[in-house]
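Participant: Okay, structure incoming, though there's no sequence with it:
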Ligand SMILES: Cc1cc2nc3c(=O)[nH]c(=O)nc-3n(C[C@H](O)[C@H](O)[C@H](O)COP(=O)(O)OP(=O)(O)OC[C@H]3O[C@@H](n4cnc5c(N)ncnc54)[C@H](O)[C@@H]3O)c2cc1C
């Protein structure tokens, strides 16, 4: 009997690959193996509605349990894969079980980058990647008055905005000179900085966090300039590292992610890598990238299902991403890597504007703040390879939809 498709990692990408295999007409067996004890669920609400108590746990799963039964997807939760035996086409689980495959899909995601600090191990120093961490953070947040966030990236700023909306006193400490410096243009960092400060969040840039100290029921975060930030809960949002050890130990090449080709196939023709753990050549940037977004994970799942069912096409979707920070909606399309020029459309003072990025004279990315129509138009323009000029982009009388 054929062994079928085995998917390791039951997150956004793994779930999508399993579901899309059935949509694409795959009739063989599908085994979806996940280390977490839950049904596959959405992570984005964890730092937003969930932590604020506006969305409960029952609304996090991507599909109910019956979905997996009805689609003959063998979902193994609470099972960690510990080895891939490529010669035998077999995955070994921590419980001792072995699962054979014809095709293996690695959808292993990423894990929190640990804070390299003295005191990082204290209970009140929280991270946020998994539902278990989300539950813990929510509970601590409910009881906290003062919240310290280390890291002014996406997850850090989302949690900060949520905590502030819950009436907490929030301090964000960011090592770089501006918020989300690796992801957005200075205009957007400045806008977010001013907006969050106006809401009452304290932001410390160029922060050198030295140590976290526990003082009974609360914590002190010590900074290089001598300042001490007191908090009831400390949240570390300093990025993630891709889960690639399983692939590496099986002899597959890795480098900031499991290396895959344009079809998301690894060096082993029977093994694919998708979602946050995959580093693949991206047609839009001309570079190898590893992206961390729902769209990337879900579209990879669809793409790999098509390849496995004999309809291979190189993965070429325009990357897009969103981040909700209280009432600010930031939407990003394309990849700004290596851009040489950028122009602003709209007035940042109005709270609604977009930044258009150009590489070699061509549009390569658009970040929109509270301008969903620009974002939708941008995705189309990027997908069609439009020849939009910087002058047209910044001229609000030019209707982007008409282009
Ligand atoms: C708090 C938070 C907020 C976010 N907000 C947004 C947002 O607003 N917009 C957006 O686009 N993206 C957002 N993201 C990112 C998005 O959720 C991820 O990019 C997406 O979940 C990636 O999906 P994935 O399946 O690749 O990885 P994951 O969702 O991480 O799933 C991987 C799964 O594999 C499991 N696994 C790993 N190793 C093994 C093993 N050896 N055996 C078995 N199982 C294993 C893991 O336990 C995990 O459950 C957010 C992420 C977080 C944490």
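Facilitator: Yes, it's here. What you see is a predicted model, and the numbers here were worked out from it, not measured in a lab.
Participant: could you list every residue that touches the residue nearest to residue 110 when sequence neighbours are not counted?
Facilitator: For residue 110, ignoring the flanking residues on the chain, the nearest one in space by CB to CB, 6 or more residues apart in numbering is residue 240 at 3.8 Å. For every residue, glycine as well, the C-beta is placed using N, CA and C. Contacts for residue 240 (CB atoms under 8 Å, 6 or more residues apart in numbering) come out as 110, 111, 112, 113, 129, 276, 292.
Participant: again, but for residue 7
Facilitator: Neighbouring residues of residue 7 by CB under 8 Å, 6+ apart: 14, 17, 18, 30, 31, 32, 33, 104, 105, 107.
Participant: got it, and residue 87?
Facilitator: With CB under 8 Å, 6+ apart, residue 87 has no contacts at all.
Participant: Which ones among the contacts of residue 240 also lie next to the ligand?
Facilitator: Among the contacts of residue 240, the ones lying near the ligand by CB under 6 Å from any ligand atom are 110, 129, 276, 292.
Participant: residues near the first one, how many?
Facilitator: A count of nearby residues for residue 110, using other CB atoms under 10 Å, gives 19.
Participant: Please name the bridge partners of it.
Facilitator: Counting by DSSP bridges, residue 110 forms beta bridges with residue 242.
Participant: Hmm, residue 243 and it touching each other?
Facilitator: Yes - using CB atoms under 8 Å, residue 110 is in contact with residue 243, at 6.1 Å.
Participant: and stretch 383-390, which residues are buried?
Facilitator: Neighbour counts over stretch 383-390 (16 or more other CB atoms under 10 Å) mark 386, 388, 389 as buried.
Participant: can you pull the pLDDT of residue 249?
Facilitator: pLDDT recorded at residue 249 is 98.
Participant: That one - nearest residue in space that isn't next to it in sequence?
Facilitator: Residue 249 sits nearest to residue 83 (CB to CB, 6+ apart), 6.8 Å away.
Participant: Same check on residue 47?
Facilitator: Here the residue nearest residue 47, using CB to CB, 6+ apart, is residue 158, at 3.9 Å.
Participant: tell me the SS of that neighbour?
Facilitator: helix (DSSP: H, G, I helix; E, B strand; the rest coil).
Participant: Next: the one 3 residues further on.
Facilitator: When the structure is split into helix, strand and coil by three-state DSSP, residue 161 lands in helix.
Participant: just checking, it touches residue 203?
Facilitator: No - with contact defined as CB under 8 Å, residue 161 does not reach residue 203; the gap is 11.6 Å.
Participant: residues shared between the contacts of the two?
Facilitator: Between them, residue 161 and residue 203 share the contacting residues residue 196, judged by CB under 8 Å, 6+ apart.
Participant: Domain map for the protein?
Facilitator: Domain segmentation of the chain under automatic domain parsing yields 5-111+240-308, 114-236, 327-402.
Participant: Now tabulate these in TSV and tack on distance to residue 319.
Facilitator: Formatted as TSV, these follow (distance: least, CB to CB, whole Å):
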stretch	distance to residue 319
domain 5-111+240-308	6
domain 114-236	12
domain 327-402	6
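Participant: and whatever helix or strand residue 229 lives in, what other elements does it pack with?
Facilitator: Following DSSP states H and E, one finds residue 229 within strand 228-231. On a contact count with 3 or more CB pairs under 8 Å, 6 or more residues apart in numbering; DSSP states H and E, strand 228-231 meets strand 146-150, strand 169-173, strand 218-223.
Participant: Can you add distance to residue 136 and give the ones you listed back as a markdown table?
Facilitator: Shown next, in a markdown table, are these (distance: least, CB to CB, whole Å):
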| stretch | distance to residue 136 |
| --- | --- |
| strand 146-150 | 14 |
| strand 169-173 | 18 |
| strand 218-223 | 15 |
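Participant: out of these, which comes closest to the ligand?
Facilitator: strand 146-150 (12.5 Å; CB to the nearest ligand atom).
Participant: Give the pairing partners of the strand or helix carrying residue 356; include direction for each.
Facilitator: Assigned by DSSP H and E, residue 356 falls within strand 352-359. Next to strand 352-359 in the sheet, as set by DSSP bridges, lie strand 341-347 (antiparallel), strand 362-369 (antiparallel).
Participant: Break down the stretch 251-400 of the chain into its strands, ranges please.
Facilitator: Along the stretch 251-400 of the chain, the stretches classed as strands by DSSP state E, counting those that start in this stretch are 258-259, 271-273, 278-282, 287-289, 320-325, 328-334, 341-347, 352-359, 362-369.
Participant: near the ligand, which residues of the stretch 201-350 of the chain show up?
Facilitator: Counting by CB under 6 Å from any ligand atom, the residues of the stretch 201-350 of the chain close to the ligand are 243, 246, 275, 276, 292, 293, 294, 295, 297, 321, 322, 323.
Participant: Residue 222 against residue 210, yeah?
Facilitator: Yes - counting by CB under 8 Å, residue 222 touches residue 210, with 4.6 Å between them.
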